[in-house]
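Colleague: Fold the following for me, if possible:
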Amino acid sequence: KKSFLKSNNKDVYYNMFEEVQNIIKEHGYDIEDFLENERYTNAFHAYQHSKEHFEEYIKFMLYNAHAHKYIKNNVVHFNYPDKFNY
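Modeller: Here you go, the predicted structure:
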């Protein structure tokens with residue numbers, strides 16, 4: 001995550017994201033079927049919304065998410081800002 005945020009050439013990462021999505025789609029799958037938790041799902045939806053939103057989400061997860069954690073039924077959950085609730 002930090003490598004992505006620090007990169008001066010984020011287009012390399014975005015091109016890889018697009019390639020992965022295309023490969024999954026070409027094989028008849030929906031990428032959301034592979035997203036194991038709400039963090040990944042929210043990252044995917046933020047990416048679909050806009051690159052800026054995606055970068056904001058990654059920053060939130062790296063630097064602020066720890067302050068928004070809670071445990072329910074022995075599972076860690078996050079309280080996301082409204083703009084990241086999909």
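
Colleague: give the contact list for Ile24.
Modeller: By CB atoms under 8 Å, 6 or more residues apart in numbering, the contact list for Ile24 reads Asp30, Ile31, Phe34. Using the backbone N, CA and C atoms, a C-beta is placed for each residue, glycine as well.

Colleague: who wins for neighbours among the residues you listed?
Modeller: Ile31 (17 neighbours; other CB atoms under 10 Å).

Colleague: and the residue nearest to that residue when sequence neighbours are not counted, what element?
Modeller: Closest residue in space to Ile31, ignoring its immediate chain neighbours: Ile24 at 5.0 Å, by CB to CB, 6 or more residues apart in numbering. Element membership of Ile24 [criterion: DSSP states H and E] is helix 10-26.

Colleague: Alpha carbons of that helix, as CSV, please.
Modeller: Taking C-alpha atoms only, helix 10-26 is exported to CSV below (Å, rounded to 0.1, in the frame of the first residue of the first chain):
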residue,chain,number,x,y,z
LYS,A,10,0.8,5.3,-10.2
ASP,A,11,-0.3,4.5,-13.8
VAL,A,12,1.9,1.4,-13.6
TYR,A,13,-0.3,0.2,-10.7
TYR,A,14,-3.5,1.2,-12.3
ASN,A,15,-2.6,-0.6,-15.5
MET,A,16,-1.9,-3.8,-13.5
PHE,A,17,-5.3,-3.4,-11.7
GLU,A,18,-7.0,-3.1,-15.1
GLU,A,19,-5.2,-6.1,-16.4
VAL,A,20,-6.2,-8.2,-13.5
GLN,A,21,-9.8,-7.2,-13.8
ASN,A,22,-9.8,-8.0,-17.5
ILE,A,23,-8.2,-11.4,-17.0
ILE,A,24,-10.8,-12.3,-14.3
LYS,A,25,-13.6,-11.1,-16.5
GLU,A,26,-12.3,-12.9,-19.6
